[in-house]
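**Q** Next input, structure requested:
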Amino acid sequence: MKLTPELSRHNYRAFLWHSIWLALAKNFMDVDTVIPAMLVESGGRAVHIGLITAIMLGGSSFTQLFFAPLLSNRPYKKKSLLLGINARILALLGLAVLMVYAGQLPQQLTLILIFGLIIVFSLGGAFAGISYTDILGKSIQQNLRKPFFSVRQVIMGIGAFASALLVQIVLTSSSYPANYTYMLLIGFLALLLASMGFWRLQEMLPSELTIRSTQHFFQVAREELDQNPRLKYFLGFVNTQGISIAFLPFVILYAKEFFD
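**A** Sure, this is the predicted structure:
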């Protein structure tokens, strides 16, 4: 079925709905600050911070290399998108429930459960991210894409500022583990509301890219880099930026130990 202007505007509003609630949820489930701080409060040390950072930052990106060939062969990816986002939602709910019983569980068991749920959360994001990009590219007409990214950037900026203020209020309103329970529940609810935008999406056009194997995927990626030189600079910038972000969890550990 052809993508009409009406369907394009419908999907445009659905993606914006997701962006609004994701902007509010982001700081409540921030993988660079909130999750490491929760891990420290649960008894984690530098080695645990290192492992959780590797899982959340490097592991989720690395697994996309395996998810991409699998998902590229699916003509329609809405179900995959919902599977990934729902995994993240349930992982957040699981972390919130875990915080309720954190004081009654052995410290080692609490850390193991946190790691397990964070793995589900990170892999769900990696799985959903591939489908998100594919659906966005074919579900919004070209004349609406630039306005979408501009509006989304404004929304994410305002939402990040507002949610940061709310995070401060929630964290200081009570002590551990109640404060993190409230944080994760708010993040869960906001992400649940954000996912409703994906349920409303109407994916009309099938994807045309077919990947026969992992080797073929790397071949296609290399061809894309040769045809689009700017993509090399973009990837270099993103990965360089990620190095600096990787230090944040250790800064949180230092602050918790010396400044409470």
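
**Q** where do the helices sit along this structure?
**A** Along the chain, the stretches classed as helices by DSSP state H are 5-26, 34-41, 46-53, 60-72, 78-100, 107-139, 142-173, 178-199, 214-227, 229-245, 248-259.

**Q** Tell me which of the ones you listed sits nearest to residue 206.
**A** Minimum separation from residue 206 across the helices of the chain (C-beta to C-beta) falls at helix 107-139, 8.5 Å. The way it works is simple: take the backbone N, C-alpha and C, and place the C-beta from them, glycine included.

**Q** which regions of this protein sit below the pLDDT cut-off?
**A** 1, 31-32, 58-60, 209, 212-214, 238-239, 241-246, 260 (pLDDT under 70).

**Q** Work out which residue lies at the spatial centre of it.
**A** Central residue of the chain (C-alpha atoms, centre = their mean): residue 125, 4.5 Å from the mean position.

**Q** any idea how far that one is from residue 27?
**A** According to C-beta to C-beta, to the nearest Å, residue 125 and residue 27 sit 16 Å apart.

**Q** With residue 82 instead?
**A** Distance of residue 82 to residue 27, computed by C-beta to C-beta: 24 Å.

**Q** Which one's more surrounded, those two?
**A** Comparing residue 82 with residue 27 by neighbour count (other C-beta atoms under 10 Å), the higher total belongs to residue 27, at 24 against 16.

**Q** one step back: deepest-packed of the helices of the chain, please.
**A** Of all the helices of the chain, helix 34-41 carries the top mean neighbour count, a mean of 22, counting by mean count of other C-beta atoms under 10 Å.

**Q** what's next to that one, contact-wise?
**A** Helix 34-41 has contacts (C-beta atoms under 8 Å, 6 or more residues apart in numbering) with 27-29, 44, 48-49, 52-53, 56, 95, 99, 111, 114, 118, 167, 176-177, 180, 183, 248-249, 252-253, 256-257.

**Q** now the angle from it to helix 248-259?
**A** 40 degrees (axes from the mean of the first three to the mean of the last three C-alpha atoms, to 10 degrees).
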